[in-house]
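Whatever this is, show me its structure:
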Amino acid sequence: MRFHLIDRIEEIRHGHHIVGVKCVSLSDDVFNEHFPGYPIFPGTLVLEGMAQLAGSFFEMTMLHQGLAPRHCILAMANRVKWTKPAEPGDRMVYRADILSLSEEFGVARTRAEIDGQLSASAELTFTFVQLGDGSLRKNREELYRMCTRRTRFLDDGDGKA
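Now for the predicted structure:
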């Protein structure tokens, strides 16, 4: 992945929800052109951040459940709304809640908030494919390790956190 739009994962309750953070910075390359004199973080990148969080969550949940590693691919975005633009200095809090999970696909309700106000929301559907070689799996596991160093894991109802 060329860019990672989640700086930190704050909370995980496997099979239920995940909370992550993106700190929007004036040093983000996107502000060179979007838009000079009125910098706002592109809505498509907010959507991508919500998709990255939800897709990663499905992958982590499947691993947590002992299922074979699969890669999540965004297949559909429904009910997408942007209500408050993100600007440099904002701390966006992303949340993804699992609505449905099967062996073939997953659906998550996602949202982004800035200072407790809704910035964007979407219902995202993912399809799952087998991971090709071990290098992609290894890279993703390392990325998850970095993002979850200070994550709070909540009991998922089966006695495991």
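
Before we go further, residue 66 is sitting in a helix, right?
No. Secondary structure of residue 66 (DSSP: H, G, I helix; E, B strand; the rest coil): coil, not part of a helix.

Dihedrals phi and psi, it?
The phi/psi pair for residue 66 (degrees, to the nearest 10) reads phi 80, psi 20.

so what pLDDT did it get?
On pLDDT, residue 66 comes in at 86.

In this structure, mark out all the strands, start to finish.
8-13, 17-23, 70-82, 91-101, 105-114, 117-130, 152-153 (DSSP state E).

residues in contact with the residue nearest to residue 49 when sequence neighbours are not counted?
Residue nearest to residue 49 in three dimensions, not counting chain neighbours: residue 5, with 3.6 Å by C-beta to C-beta, 6 or more residues apart in numbering. No exception for glycine: its C-beta is placed from N, CA and C like everyone else's. Applying C-beta atoms under 8 Å, 6 or more residues apart in numbering to residue 5 gives the contacts 22, 45, 48, 49, 52.

looking at the sheet around the closest residue to residue 10 other than its chain neighbours, what are its partners?
Distances taken as C-beta to C-beta, 6+ apart put residue 19 closest to residue 10, at 4.8 Å, once the chain neighbours are dropped. Here residue 19 sits in beta bridges with residue 11, residue 95, as judged by DSSP bridges.

Run through the residues that contact residue 19.
By C-beta under 8 Å, 6+ apart, the neighbours of residue 19 are 9, 10, 11, 12, 93, 94, 95.

Show the model's pLDDT score for it.
If you check residue 19, the pLDDT there is 98.

Tell me the helices and strands packed up against the helix or strand bottoming out on mean pLDDT in the chain.
In the chain, the helix or strand scored least confidently by mean pLDDT, DSSP states H and E is helix 134-147, which has a mean of 77. If contacts are counted by 3 or more C-beta pairs under 8 Å, 6 or more residues apart in numbering; DSSP states H and E, helix 134-147 sits against helix 43-64.

buried residues in the helix it packs on?
43, 45-47, 49-64 (16 or more other C-beta atoms under 10 Å).

picking that back up, tell me the two of the contacts of residue 19 that are most distant?
12 and 93 (14.1 Å; C-beta to C-beta).
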